Structures are given as structure tokens and as C-alpha cells.
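# need a structure here:
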Amino acid sequence: MDLTEDELLTAIRRVLSGAGPEVVVPVGDDAAVVQPGSGDLVLTTDAMVEGSHFVRDMITARDLGHKAITVNVSDVAAMAGSPRYALCALTLTDEVDAAWTMELFGGMREACDEYACTLIGGNLARGRDVTVAVTLTGEVAPGRALTRGGALHGDVVVVTGTLGAAAAGWRIKQLRGRLDDEDLAAIRRADRPVARVGEAQVLARHGATAMIDVSDGLSLDLSRLCEASGVGARVRIADLPAGPHALPEEVLGGGEDYELIATLPSAETADAVRAELDEAFGVPLSEIGEIDGGHGLVAVEADGQEHPLTPAGWDHFR
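Predicted structure coming up:
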């Protein structure tokens, strides 16, 4: 590192200047101070570790910073909340220079501007691997947070956007070959995911009973929703919306799509949500199955054959 810690912090504060009036004490003191909102507080945290979540020479610092904020915003969105404030604990190695670090915070600032939240503080440290750990607060109307635990027998299962493109993008990047437009679209899904904040609030307003974001893979995250709700789900494989260049196993268990899985009371409700999401955001909504009274997941193939669907996806400890 070619700057001292204090010099780097001064430079970072310049990048992150412009906090709103609700921030009483911004970056630069022992802790930040903000004025609380009127809703319930939503809290989440996520760490991106070099070698586990990213390879530094395969993603730009700006994209990494943007993604570090976005994946946390997605967790708040899955609770039907709105993001408010972010804190970042950043561990840097001796190989990382100030220019890379400033690009990282530039990406964070960009994501914060996009999602109307503010980076208000954090910590810098030196270590063996680069780690970008973000804590994010959000707000939701009192008593209106959506959880994984409310799905009911007879609900329809829906998912926003498309699935598997992020995993396909990571696979394509590793090949390091010539890229076509669909390759680039898949890589962008891996490097610059989108948090479905507005879409989540539409789903909540139409009576969604449960919701989760697809961070680790459709089948794994849907199984978590079902377990929390004490129900099972039937998944129509032919109706799963595949993203650019996504293989079947990436659609089911690729992870890092950050789309939303939700359960809705009826197919008519799903039709109404689909129309609103298309008009407001240009984002498709796919009805992929239904909740039943069993346990676990059942795959329903295009020819009507059924078989157990084993949850697959990202697991840090396997």
C-alpha cells in the first residue's frame, strides 16, 4: 500500500461524501450516528472473501465494490424492506494499492446511489486475503417484514427474472475465450447482480406469503423457504426461466442470481404481479410450481413424470 491508513481514509471520505441530512455523524469519527426512521429495522451482513467468493484478477475492483453492496441490499429486499445505511469492514493485502481500493469504494458509492442508501463507516485492516464485509441496515413498515416462514398449502411459487446466468458467467470467465453478446450478458450477471428492491415491494403489496432471494441456488433457497414454512413444493422444471448460456444444473443450483422466490395466494395474483413488474421494471415473473402439504421438493418434468428434487447450490462448508 502506497498510502498510510489515515491518508487512505481521507481519500475514501472524499469518494463517499454527500451523506443526507439524516446522517448526523458521517464517516471519519469513531462511529457513525444516524436518525432512526419510523419503521422496523432490518439488519443484514455479508462477507466476500478472496479465493472463496471472487478472484481478484477476474473482476474489477469497481464491480466488486458494487456487488458487495448489492448482495446485502438483496437480503433487505427479500424482507420487503428498503435499504438505508451500509458499513464496510475491509481487509487488504500488501499487494493491493490505493488505486484499486479507491475503485472498490467507487463501486460501493455507485451501488449506494443506485439503491438510495448511504455508506456511513467501517474499518480498514491488513491481512492475508482481501475481504469485503458489508453490514447493511434497512427499514420496513412496522409488522410488514416478509419472511421465509409464511408459505401456505396451495400457494403458487414464482420467481423474478431469469436463473443460472451468474453461474454461467463465472464458468465463461474461467474459459477466457472469445465472447459473444450472450457471454457478456452472463458475465455481467455474475459481476453486477441486481437487487430486486422495487419488485419485492410489489410482491409484498399483492399479498406474498413468503419470500427469499436466490443467493445460493434456486433449489437450495426454495428448500429453505419450505423448511421454514413447514411445507413442500412441486417445481415444474420446464417452467424455470433460464438465463443466458445457463446449463440446467446452473438454473437449479448455480447461485448468485439474487432474484426473488416468492409464494402468492393464487395464479390470478401472480398474473397481476406479472403485469405490474413488466410495466414498472421490465422484469418477467415466472410461475414455477406450487406449495403442497408434503415435505421437501418434487420435480415435475415436462412429460409429467415426478421425482424428488435434491436441493443443490452454494455451501461454504462443502
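# so for stretch 220-238, what gets flagged as buried?
220-226, 229, 231-237 (16 or more other C-beta atoms under 10 Å). Where you see a C-beta, it was placed from the backbone N, CA and C, and this is true even at glycine.
# out of those, which is nearest to Arg178?
Nearest to Arg178 out of the buried residues of stretch 220-238 is Ile237 (C-beta to C-beta; 31.5 Å).
# contact partners for that closest one?
Contacts of Ile237 were listed using C-beta atoms under 8 Å, 6 or more residues apart in numbering, and they are Ala299, Val300, Glu301, Ala302.
# and the buried residues of stretch 220-238, which two are the farthest apart?
Ser229 and Ile237, at 21.5 Å, using C-beta to C-beta across the buried residues of stretch 220-238.
# that's a strand at Cys112, yeah?
No: looking at Cys112 with DSSP: H, G, I helix; E, B strand; the rest coil, it is helix, so not inside a strand.
# need the per-residue pLDDT for it.
The per-residue pLDDT reported for Cys112 equals 95.
# wait, it touches Ala86, no?
Yes: using C-beta atoms under 8 Å, Cys112 is in contact with Ala86, at 6.4 Å.
# common neighbours of the two, please.
Listed contacts common to Cys112 and Ala86 are Ile69, Thr118, Leu119; contacts here mean C-beta under 8 Å, 6+ apart.
# ok, so of those, who is nearest Ala280?
Nearest to Ala280, judged by C-beta to C-beta, of the shared contacts of Cys112 and Ala86 is Ile69 at 22.5 Å.
# where's that closest one, which helix or strand?
Here Ile69, judged by DSSP states H and E, is contained in helix 61-78.
# got the CA coordinates for that helix in CSV?
Extracted in CSV, the C-alpha atoms of helix 61-78 (Å, rounded to 0.1, in the frame of the first residue of the first chain):
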residue,chain,number,x,y,z
ALA,A,61,-12.5,-3.5,-8.2
ARG,A,62,-15.4,-1.3,-9.1
ASP,A,63,-17.6,-4.3,-9.9
LEU,A,64,-16.6,-6.0,-6.7
GLY,A,65,-17.5,-2.9,-4.6
HIS,A,66,-20.8,-2.6,-6.4
LYS,A,67,-21.6,-6.3,-5.8
ALA,A,68,-20.6,-6.2,-2.1
ILE,A,69,-23.3,-3.6,-1.5
THR,A,70,-25.9,-5.2,-3.9
VAL,A,71,-25.8,-8.7,-2.3
ASN,A,72,-26.7,-7.1,1.1
VAL,A,73,-29.4,-4.9,-0.5
SER,A,74,-30.9,-8.1,-1.9
ASP,A,75,-31.3,-9.5,1.6
VAL,A,76,-33.1,-6.4,2.8
ALA,A,77,-35.3,-6.5,-0.4
ALA,A,78,-36.2,-10.2,0.3
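# average model confidence for it?
Computed over helix 61-78, the mean pLDDT rounds to 98.
# please state the offset of it from the chain centre?
6 Å (C-alpha atoms, centre = their mean, to the nearest Å).
# got it, and stretch 231-249?
18 Å.
# ends of it, what's the gap?
24 Å (C-alpha to C-alpha, to the nearest Å).
# how about stretch 55-62?
OK, stretch 55-62 end separation, C-alpha to C-alpha: 14 Å.
# list the buried ones in that stretch?
Those would be Arg56, Ile59, Thr60, Ala61, Arg62, for stretch 55-62 by 16+ other C-beta under 10 Å.
# can you tell me how far the third one sits from Asp75?
By that I understand Thr60. 23 Å (C-beta to C-beta, to the nearest Å).
# show me how this protein divides into domains.
According to automatic domain parsing, the chain comprises the domains 5-140, 156-309.
# got these as JSON lines, with distance to Gly150 columns?
Below are these laid out as JSON lines (distance: least, C-beta to C-beta, whole Å):
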{"stretch": "domain 5-140", "distance to Gly150": "11"}
{"stretch": "domain 156-309", "distance to Gly150": "4"}
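# which of the ones you listed has the lowest mean pLDDT?
domain 5-140 (a mean of 90).
# sorry, back to before: pull out the buried residues from the contacts of Ile237.
Using 16+ other C-beta under 10 Å as the threshold, Ala299, Val300 are the buried ones among those.
# taking the contacts of Ile237, tell me the two that lie furthest apart.
Ala299 and Ala302 (10.6 Å).
# adjacent strands (with direction) for the helix or strand following the helix holding Ile69?
Counting by DSSP H and E, the element after helix 61-78 in chain order, helix or strand, is strand 82-92. Within its sheet, and counting by DSSP bridges, strand 82-92 is paired with strand 118-126 (parallel), strand 131-140 (antiparallel).
# any idea of the angle the longest one forms with helix 61-78?
Same thing as strand 131-140. Strand 131-140 and helix 61-78 are oriented at 30 degrees to each other (axes from the mean of the first three to the mean of the last three C-alpha atoms, to 10 degrees).
# need the residues that contact strand 131-140.
So strand 131-140 is in contact with 37-50, 64-65, 68-69, 71-73, 75-76, 79-91, 104, 108, 117, going by C-beta under 8 Å, 6+ apart.
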